[in-house]
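Enquirer: Build me a model from this:
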Amino acid sequence: MAWTTTALVKTYLQITTNADDTLIDTLITRGQTFIESYTHRKFEASSDTTMYFDSYRDIRGRTLFFGEGLELAQNPTTVTNGDSAVLVVNTNFTMAPVNSFPSYAMEILASSSLWWTTKSNGDSARAISVLGRWAYSTVAPSDVVAALIRLVSFFYRQRESNADIDRPVMVQDGMVLMPGRIPFDIAAMLEPYRMHTP
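Expert: The predicted model follows:
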């Protein structure tokens, strides 16, 4: 789902015609993909999806770690253990971190008699399933939306022949080259959300 609308981008760009609506729609999609790639995050989940976890590799003690780039925007809808038991949030397990989202793990409570288990046939692969909103949030944060609008405007202005502050200035053999990085203001807006991978 798009985090912003063509109308909002056009307002930002002070565009009053519909001639470039298709282009702006395309740039919104590309901008979202760019931001998710740049930050290593998915910012919005409007519906539940199921992720599967290994009952050995993804477990440390009582904690199930989701792995790089996976996070839950809210409490999961359903958690099914390898033995087909359905676990209940705050009764059998809690989210990590506690009291804030997104979550990067879930931990079976010390007061619970349950443990993460393999399937009945002993298989650990895909033994645990978690149904939920796999993203940073259920709706993209407002500052990320602002960064997207600014980025779409940056992409849009690059198609023009007249110079402005967003234009790349490197020219080689008559061809304008793309800059090596996104504008500093966009990078600054996205930096707090960026997952730094090794």
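
Enquirer: Please report the distance of Thr63 from Asp54.
Expert: Using Cβ to Cβ, to the nearest Å, we find Thr63 at a distance of 13 Å from Asp54. In this view, the C-beta of every residue, glycine as well, is placed from N, C-alpha and C.

Enquirer: okay, the two: which has more neighbours?
Expert: Asp54 (18 against 15; other Cβ atoms under 10 Å).

Enquirer: which residues in this protein form helices?
Expert: Applying DSSP state H to the chain gives helices spanning 6-13, 21-39, 142-157, 184-190.

Enquirer: I'd like to know which of the ones you listed lies nearest to Ile128.
Expert: Comparing these by their distance to Ile128 (Cβ to Cβ), the top pick is helix 21-39, with 25.5 Å.

Enquirer: quick one: contacts of the closest one?
Expert: 2-4, 6, 9-10, 42-43, 144, 147-148, 151-152, 155-156, 159, 182, 190, 193-195 (Cβ atoms under 8 Å, 6 or more residues apart in numbering).

Enquirer: got the angle for it vs helix 142-157?
Expert: 120 degrees (axes from the mean of the first three to the mean of the last three Cα atoms, to 10 degrees).

Enquirer: Any idea which residue is closest to the centre of the chain?
Expert: Lys42 (1.2 Å; Cα atoms, centre = their mean).

Enquirer: Next up, the contacts around that residue.
Expert: Contacts for Lys42 (Cβ under 8 Å, 6+ apart) come out as 36, 69, 134-136.

Enquirer: rerun that using 6 Å as the cut-off
Expert: Residues counted as contacts of Lys42 (Cβ atoms under 6 Å, 6 or more residues apart in numbering) are 36, 135.

Enquirer: hmm, back to that, mean neighbour count, the helices of the chain: which tops it?
Expert: helix 142-157 (a mean of 20; mean count of other Cβ atoms under 10 Å).
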